[in-house]
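>>> Sequence and predicted model, in that order:
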Amino acid sequence: MPTTVPNQKVIQIHREPLGGNFLGINNDNWKYAARVLGAQAFLLYTYLASNKNEYKTALSPAAVQKDIGMPRSTFYDQLRKLESMGFLVYDKGNLCHFYEVPHSATHTQTACVSFNSTEEERSAAA
């Protein structure tokens with residue numbers, strides 16, 4: 001039993017068996033992200049981090065809304081936040097790299113219209 005003080009509760013964790021469908025993030029990395037990102041950006045961070053290393057996915061606001069309930073406008077705002085903090089780095093064309101820890105822009109950066117534009121520009125491009 002852990003040592004506690006009067007205002008603490010002891011929580012025993014019960015997890016489901018992992019199988020092949022689980023989220024694994026280094027504890028220091030997710031705790032840092034939680035501190036610096038805010039709740040909505042951290043939700044998108046964990047959504048992206050739930051994929052295996054080197055996996056490529058066609059990210060869309062519709063899929064994110066279906067999977068985690070994040071509205072389209074929030075999706076774009078939080079995607080920009082991930083980019084500005086170095087968790088998301090743009091590459092050539094529409095390829096973007098998600099990192100568990102912030103990275104500087106080491107790839108050739110180009111704007112991804114669907115991610116990096118205003119709502120009006122996205123509507124005009126659609």
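Right, received. Where do you want to start?
>>> Need the pLDDT of the residue most central in space within the chain.
Against the mean C-alpha coordinate of the chain, by C-alpha atoms, centre = their mean, the closest residue is Y45 at 1.6 Å. You'll see Y45 listed with a pLDDT of 94.
>>> Following element in sequence after the lengthiest helix in the chain, please.
Scanning the chain for the helix with the most residues, using DSSP state H, yields helix 72-84. Next helix or strand after helix 72-84 toward the C-terminus (DSSP states H and E): strand 88-90.
>>> what separates that following strand from the chain centre, distance-wise?
Distance of strand 88-90 from the chain centroid (C-alpha atoms, centre = their mean, to the nearest Å) equals 11 Å.
>>> looking at this, Q40 is in a strand?
No - under DSSP: H, G, I helix; E, B strand; the rest coil, Q40 falls outside any strand and is assigned helix.
>>> State the number of residues packed around it.
Neighbour count of Q40, defined by other C-beta atoms under 10 Å: 15. (Each C-beta comes from the backbone N, C-alpha and C, glycine too.)
>>> Equivalent analysis for L59, please.
Each residue near L59 was counted by other C-beta under 10 Å, and the total is 19.
>>> same deal with the one 5 residues further on?
Residues lying near V64 (other C-beta under 10 Å) number 21.
>>> Please apply the same query to K9.
With other C-beta under 10 Å as criterion, K9 counts 5.
>>> Same check on R72?
14.
>>> S104 now?
Count around S104 with other C-beta under 10 Å applied: 7.
>>> helix/strand/coil for it?
From three-state DSSP, the assignment for S104 is coil.
>>> Also H97?
strand.
>>> That one reaches G86, doesn't it?
No - using C-beta atoms under 8 Å, H97 is not in contact with G86; the gap is 10.4 Å.
>>> list the residues that contact both of the two?
Common contacts of H97 and G86 (C-beta atoms under 8 Å, 6 or more residues apart in numbering): H103.
>>> so where does Y32 fall, helix or strand?
Judged by DSSP H and E, Y32 forms part of helix 27-37.
>>> got the contact list for that helix?
Under C-beta under 8 Å, 6+ apart, the answer for helix 27-37 is F42, Y45, T46, A49, K81, L82, M85, F87, E100, V101.
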